[in-house]
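[1] Curious how this folds, go ahead:
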Amino acid sequence: MKVLVLGGAGAMGMVTVRDLAECSEVSEVIIGDSNLKQAEKVKKWANSEKVSVHIINITNQESLTNSISQVDVVANAAPYHLNLQVANAAIRAKKPFTDLGGVYYMTIKQLKLHKKARKAGVTGVIGCGLAPGIADVLARYGAEKLSQIDEVHIRYGEVNRKPVKYKWTFRTVLEEYTQGPVIYVDGKYEKLPPFSGKHTFKFPEPIGERTCCFALYSGIATLPRTISKGVRLVDCAMSYIDKDEQRIHILNEMGLTRTEPIRLNGVEISPQEFLIKCAPPPDVNVKDTAGIVVEIIGKKNGFSSKYTYSLIRQYHKEYGVSALAYLTGMPMSVVAQMLAKDEELSGGIFPMELGIDSSPLFVQLAKRGVEILETCQTSHLL
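    Okay, the predicted model is just below:
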């Protein structure tokens, strides 16, 4: 099995690379990235002869398509704004692909490629990290146990042992904190102001009680449809600290989050793109604990029922990466392998909760020491 990991030199992609290299059924892992220096560092860190480095410019469709045509499957860990270009190239090359999600709006655009991909016989499973990804699979898994669904709540929480500005790409941080969240309520998608829905949520220890706000989340674009069963409310919230809101407020006041281009020394560039170019890479090595809690509330046999799934992971000592990086990059490796081995793929673009079978996913997670706790609360007559 030959796998191309686009963005394999990044904070999440590097985990995908190493997990793939450690799997016996994978013969070659190609880091496809524009940052040669960082890619070589990841190759050395992965410590496997299976790993090689290819400089790839994702914006060059012809070159990208040619690179994809030479592998069995693509795992796309590049910045999400490049997801459409990768999807189109994979469809042209007739190769299955997966990615880490599109921060809601990009996910909607990707799903519009479903018919094109199906016609080409190409399967794309998108949003295959922790959240989006595992969280959405758990939401659908729990929903299948109920006859009626009223609410689905996804919560992401973390605690860091030292101060850290951010642990994933700064572009994603800006999108989530400046565009404002979207929630699904009574058949409609409701756009809210940034940092809406502030509340405290108690995660399992050692995360504990954290302040959360609603997130701009890919799963909101898919779960109301993939769960159905009359679901009235679907939302996602993530933990944050006051400094997060203060930083974004200052950047907004200075006009640095604006996307409209300005002219500077004869060159047009948006303040936001300038800010992204100046921002340092995410801190992948921070010692942390991260996790998700997924709640599905509804009815079973006419009685109120609630299924809760919790997944908590601490800093990955062997890899030397944050829990968030591991829980995001590793699942994409698992899904990429599942796609490469599946000879009965019908083609199309699917969110993770529809694109793969949950049972083998849970088996692979358990093999890697990732445990998921299921709790059921059900009313019944005596």
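[2] what sits against residue 381?
    Applying CB atoms under 8 Å, 6 or more residues apart in numbering, we find residue 381 in contact with residue 303. Any C-beta I mention is one placed from the backbone N, CA and C, and that applies to glycine too.
[3] so what's the backbone phi/psi at it?
    Main-chain dihedrals, residue 381, degrees, to the nearest 10: phi -80, psi 140.
[4] Kindly report the same for residue 125.
    phi -110, psi 110.
[5] What score does the nearest residue to it once chain neighbours are set aside have for pLDDT?
    Distance criterion CB to CB, 6 or more residues apart in numbering; nearest residue to residue 125, sequence neighbours excluded, is residue 355 at 3.3 Å. With respect to pLDDT, residue 355 scores 93.
[6] wait, isn't residue 41 in contact with residue 17?
    No. In this structure residue 41 lies outside contact range of residue 17 using CB atoms under 8 Å: 11.3 Å.
[7] Which one of those two is surrounded by more residues?
    More neighbours surround residue 17 than the other of residue 41 and residue 17, with 31 against 14 (other CB atoms under 10 Å).
[8] Quick check: the more buried one is in a helix.
    Yes. Assigned with DSSP: H, G, I helix; E, B strand; the rest coil, residue 17 falls within a helix.
[9] measure it to residue 58 for me?
    Separation of residue 17 from residue 58 (CB to CB, to the nearest Å): 17 Å.
[10] would you list every one of the helices in the stretch 101-250 of the chain?
    105-111, 114-120, 134-143, 170-178, 223-227, 242-253 (DSSP state H, counting those that start in this stretch).
[11] which parts of the second one are buried?
    Within helix 114-120, the residues scored as buried using 16 or more other CB atoms under 10 Å are 116, 117, 120.
[12] Now find how far off-centre it is within its chain.
    Relative to the centre of its chain, helix 114-120 is centred 23 Å away, using CA atoms, centre = their mean, to the nearest Å.
[13] Please apply the same query to stretch 53-72.
    In terms of CA atoms, centre = their mean, the centre of stretch 53-72 is found 22 Å from the chain centre.
[14] again with stretch 291-304
    23 Å.
[15] Please point out which parts of it sit buried.
    The neighbour-count check on stretch 291-304 (16+ other CB under 10 Å) flags 291, 292, 293, 294, 295, 296, 297, 298, 299, 300 as buried.
[16] average model confidence for it?
    The average of the pLDDT scores along stretch 291-304 is 95.
[17] Residue 277 in helix, strand or coil?
    Quick answer, by three-state DSSP: residue 277 is helix.
[18] Would you mind listing the residues in contact with the nearest residue to residue 301 once chain neighbours are set aside?
    Using CB to CB, 6+ apart and skipping residues adjacent in sequence, the residue nearest residue 301 is residue 147, 6.9 Å away. Counting by CB under 8 Å, 6+ apart, residue 147 touches 229, 298, 299, 300, 301, 302.
[19] Please report the distance of the third one from residue 379.
    Distance from residue 299 to residue 379, counting by CB to CB: 9 Å.
[20] Find the residues that touch each one of these two.
    residue 305.
[21] so residue 298 sits right up against residue 144, yeah?
    No. The criterion here is CB under 8 Å, and residue 298 misses it with residue 144 at 11.0 Å.
[22] quick one on the thing from earlier: nearest to residue 336, out of the helices of the stretch 101-250 of the chain?
    When those are compared for distance to residue 336 using CB to CB, the nearest one is helix 134-143, at 14.8 Å.
[23] can you give me the strands for the stretch 151-300 of the chain?
    Applying DSSP state E, counting those that start in this stretch to the stretch 151-300 of the chain gives strands spanning 182-185, 188-191, 199-202, 209-214, 233-239, 262-264, 267-269, 288-300.
[24] Which among those strands is found nearest to residue 328?
    Taking the strands of the stretch 151-300 of the chain one by one with CB to CB, strand 288-300 is closest: 9.1 Å.
[25] What is the next helix or strand after the closest one packed up against?
    Next in sequence after strand 288-300, counting helices and strands by DSSP states H and E, comes strand 303-314. Strand 303-314 sits against helix 134-143, strand 288-300, helix 323-341, strand 373-378, with contacts defined as 3 or more CB pairs under 8 Å, 6 or more residues apart in numbering; DSSP states H and E.
[26] related to what we said a few turns ago, now the contacts of residue 147 in a markdown table, with distance to residue 251?
    As requested, the contacts of residue 147 are exported to a markdown table (distance: CB to CB, whole Å):
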| residue | distance to residue 251 |
| --- | --- |
| 229 | 41 |
| 298 | 40 |
| 299 | 45 |
| 300 | 46 |
| 301 | 51 |
| 302 | 51 |
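[27] quick one: which of the residues you listed is nearest residue 351?
    If you rank the contacts of residue 147 by distance to residue 351 using CB to CB, residue 229 comes first, at 16.7 Å.
[28] In space, what's closest to the closest one - neighbours in sequence excluded?
    residue 149 (4.2 Å).
[29] what sits against the one you found?
    143, 227, 228, 229, 230, 231, 296, 297, 298.
[30] what do you get for residue 264?
    Residue 264 touches residue 274, counting by CB under 8 Å, 6+ apart.
[31] May I have the beta-bridge partners of it?
    Applying DSSP bridges to residue 264 yields these beta-bridge partners: residue 267.
[32] rewinding a little: what's the local residue count around the residue nearest to residue 125?
    Neighbourhood size, residue 355 [other CB under 10 Å]: 22.
[33] give me phi/psi at it?
    The phi/psi pair for residue 355 (degrees, to the nearest 10) is phi -80, psi -20.
[34] and the gap between it and residue 56?
    Taking CB to CB as the measure, residue 355 falls 24 Å from residue 56.
[35] just residue 218 next, same as before
    To residue 56, residue 218 is 24 Å away according to CB to CB.
[36] Settle it for me: which of the two has more neighbours?
    Shown here are residue 218 and residue 56; by other CB under 10 Å, residue 218 has more neighbours (30 against 23).
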